[in-house]
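> Sharing a model prediction with you, sequence too.
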Amino acid sequence: MRAATLALALACAATPAAAQDQCRLALMLAVDVSASVDAAEYRQQLDGIAAALIAPEVVSGFLDGPGPVALSIFEWSGRFQQDMLVDWTLVTSEETLTTIAERVARRTRQHEDFPTALGYALGFAADRFASAPPCLFQTLDVSGDGQNNDGFPPGAAYEHFPFEGITVNGLAIGGASRGIEAYFLEEVIRGPGAFVEFAASHAEFAEAMRRKLERELRVMILGGLPLPTGQLPR
């Protein structure tokens, strides 16, 4: 995988003009809205995403790297409760981010009494990546405050759905302990450079989301090609 990434980097470096137009990252946000998330916490999550998307550091991450980023956002809870908030959108301006943030902030809750079917959410996301614009990298960004308790687990999703080339990062929302962070580290994240951001409560969700997006969007230059830091060859 690392050798293939390096080969791709060197190949694209030979055509810098094309690299400027190539989508560099398809980024999907998956938001937990299961029964463990109450009305106030739901609002904190949606408002937190909206605020993070227009934070100066995140705007810079979206717009300052060579090539645009494609963004998609969905909510998940039970086995068959996955709802798109934002379908794949190529972010080419600050106005695009503002429009997306406003749409997220206006969202009203559709489900509140379903369990935590994390495996199903991962499977849904893998299928949605099939319709993403062609981008150099693909990252799924999963947030949640509980372990899978309905349907097949994350490991089964990774075994049976097309996750080749998709990095999965996590935002674990804790409580009295950091047990959920350990669960995300052991069971959820996947791929080179994958990481977990931790929020001690939903009140800290906005800041954790901002940190995570900034980290995922940060780029470095390798032979003329921008690479997300989590995907750098080692």
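It's in.

> By average pLDDT, which secondary structure element in this protein comes out worst?
Ranked by mean pLDDT, DSSP states H and E, the weakest helix or strand in the chain is strand 219-222, scoring a mean of 40.

> So the closest residue to residue 51 other than its chain neighbours versus residue 43, what's the distance?
Excluding the flanking residues, the one nearest residue 51 by C-beta to C-beta, 6 or more residues apart in numbering is residue 206, at 5.0 Å. Every C-beta, even on glycine, is put in place using the N, C-alpha and C of the backbone. Plainly put, residue 206 is 11 Å away from residue 43 if you go by C-beta to C-beta, to the nearest Å.

> the more surrounded of the two?
Applying other C-beta atoms under 10 Å to residue 206 and residue 43 shows that residue 206 carries more neighbours, namely 19 against 16.

> Identify each buried residue in stretch 35-43, please.
For stretch 35-43, burial by neighbour count (16 or more other C-beta atoms under 10 Å) applies to 36, 37, 41, 42, 43.

> Among those, find me the one that's closest to residue 145.
Nearest to residue 145 among the buried residues of stretch 35-43: residue 36, at 5.6 Å, using C-beta to C-beta.

> from the middle of its chain, how far away would the lengthiest helix in the chain be?
In the chain, assigned by DSSP state H, the helix with the most residues is helix 39-53. Offset of helix 39-53 from its chain centre (C-alpha atoms, centre = their mean, to the nearest Å): 15 Å.

> Give me the helices and strands touching it, please.
strand 23-32, helix 94-105, helix 205-217 (3 or more C-beta pairs under 8 Å, 6 or more residues apart in numbering; DSSP states H and E).
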